[in-house]
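Engineer: structure for this input, please:
(one chain, ligands or ions: 1)
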Amino acid sequence: MSSAPGITLRGSFAFDHARLFGPIDLTLPARQWTCLLGPSGVGKSTILRLLLGLETGGLFDGTITASDGGPVTPRISYMAQSDLLAPWLSVRENVVLGARLRGETPDMDRAAKLIDRVGLSEHQTKTPAALSGGMRQRAALARTLMEDRPVVLLDEPFSALDAGTRADMQELAFEVLAGKTVMLVTHDPAEASRLGHQIVLLSQDAASPWPVPGTPPIRDIHAPETLDSQAKLMAHLRELRA
Ligand SMILES: Nc1ncnc2c1ncn2[C@@H]1O[C@H](COP(=O)(O)OP(=O)(O)OP(=O)(O)O)[C@@H](O)[C@H]1O
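Structural biologist: Next up, the predicted model:
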């Protein structure tokens, strides 16, 4: 597969001529993790929908480009805020759904390994209705990790998980998505401080870079630079609300 490209979105977005954000200039550097934070309703998920080429109900005035000049949308896999699991399929069938929909033969060994890594081996024949919210989120994560696309967009993928499982799943995602261009939408300063090569704060007027620790991700949760970054980012986010 070709190397994962960087992605750049430049422009403004409006609903019914009321500006939601922009003009902004947001670049996801190739093969790095970009963590996008910002107040609820500022337009983070809308940016993901624009990158995915999905209907937004509004008007985007701008450009979305890949650093290699290739198409953007077909090279993206996406994990939405809601799990989007098919309710009539088992965990295992959901995890291989992408391949089935494309008419491909799924790699069942890879699926089994991922289901095991997200801790759902004993639940793989259950349908989503028989799972907890955190289990459904892990099933959706396994499905996303199963897709081998160069660009991956994750919309609050760990939000329903307990703290220990969340740390484990962050480590799994970082390992499996090595070499891919990733954008993680999160409200969690600790998560961004741990995972981001780049942290970007979205406001109505700008997508602004926020300093990241000098060490490369994935960072140890207890490392002083991770904790320092987390504390400063948290303080800044609280100031923005004041
Ligand atoms: N079809 C629509 N028409 C008008 N406004 C809309 C429409 N769809 C979404 N919105 C509004 O657009 C804004 C941005 O929504 P979006 O989901 O992108 O925000 P977000 O930053 O991801 O929020 P959160 O952090 O809560 O998930 C919200 O205020 C939402 O109410």
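
Engineer: helix or strand for the spatially closest residue to Leu50 that is not a sequence neighbour, which one?
Structural biologist: With sequence-adjacent residues excluded and distances taken as Cβ to Cβ, 6 or more residues apart in numbering, Leu50 is closest to Phe60, at 5.5 Å. Yep, even glycine has a C-beta here, placed from its N, CA and C like the rest. Using DSSP states H and E, Phe60 sits within strand 59-66.

Engineer: average pLDDT across that strand?
Structural biologist: For strand 59-66, the mean per-residue pLDDT is 98.

Engineer: name the next helix or strand downstream of that strand, please.
Structural biologist: strand 76-79.

Engineer: which secondary structure elements does the following helix or strand past that next one contact?
Structural biologist: Downstream of strand 76-79, the next assigned helix or strand under DSSP H and E is helix 91-95. Helix 91-95 makes packing contacts with helix 108-117, helix 133-146 when contacts are defined by 3 or more Cβ pairs under 8 Å, 6 or more residues apart in numbering; DSSP states H and E.

Engineer: contacts for the next helix or strand after helix 91-95?
Structural biologist: Per DSSP H and E, the first helix or strand lying C-terminal to helix 91-95 is helix 97-101. By Cβ atoms under 8 Å, 6 or more residues apart in numbering, the residues outside helix 97-101 that reach it are Ser77, Ala86, Leu89, Glu93, Thr105, Pro106, Asp107, Arg143, Met146, Glu147.

Engineer: restrict the strand holding Phe60 to CA atoms and write it as PDB.
Structural biologist: The C-alpha trace of strand 59-66 is given here as PDB (Å, rounded to 0.1, in the frame of the first residue of the first chain):
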ATOM      1  CA  LEU A  59     -21.900  24.700   3.300                       C
ATOM      2  CA  PHE A  60     -18.100  24.300   3.200                       C
ATOM      3  CA  ASP A  61     -16.200  27.000   1.300                       C
ATOM      4  CA  GLY A  62     -12.600  25.700   1.000                       C
ATOM      5  CA  THR A  63     -10.400  22.800   0.000                       C
ATOM      6  CA  ILE A  64      -9.400  19.400   1.200                       C
ATOM      7  CA  THR A  65      -6.200  18.000  -0.200                       C
ATOM      8  CA  ALA A  66      -3.800  15.100   0.300                       C
END
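
Engineer: buried set for that strand?
Structural biologist: Phe60, Ile64, Thr65, Ala66 (16 or more other Cβ atoms under 10 Å).

Engineer: give me the subset of those residues that also touch the ligand.
Structural biologist: Here nothing survives when the buried residues of strand 59-66 are matched to the ligand using Cβ under 6 Å from any ligand atom.

Engineer: can you pull the contacts of Leu37?
Structural biologist: 44, 185-187, 189, 192, 199-202, 210, 233, 237.

Engineer: tell me how far the closest residue to the ligand within the chain lies from Leu9.
Structural biologist: Residue nearest to the ligand within the chain: Gly57 (2.8 Å; Cβ to the nearest ligand atom). Distance, Gly57 to Leu9, by Cβ to Cβ, to the nearest Å: 18 Å.

Engineer: what ranges of the protein fall below the confidence cut-off?
Structural biologist: Counting by pLDDT under 70, the chain shows low-confidence ranges at 1-2.

Engineer: repeat that with 80
Structural biologist: Scanning the chain for pLDDT under 80 picks out the ranges 1-2, 241-242.

Engineer: so for it, the centremost residue is which one?
Structural biologist: Nearest to the mean C-alpha position of the chain, counting by Cα atoms, centre = their mean, stands Leu154 at 1.5 Å.

Engineer: and the protein, which of its residues are near the ligand?
Structural biologist: Phe15, Leu20, Gly38, Ser40, Gly41, Val42, Gly43, Lys44, Ser45, Thr46, Gly57.
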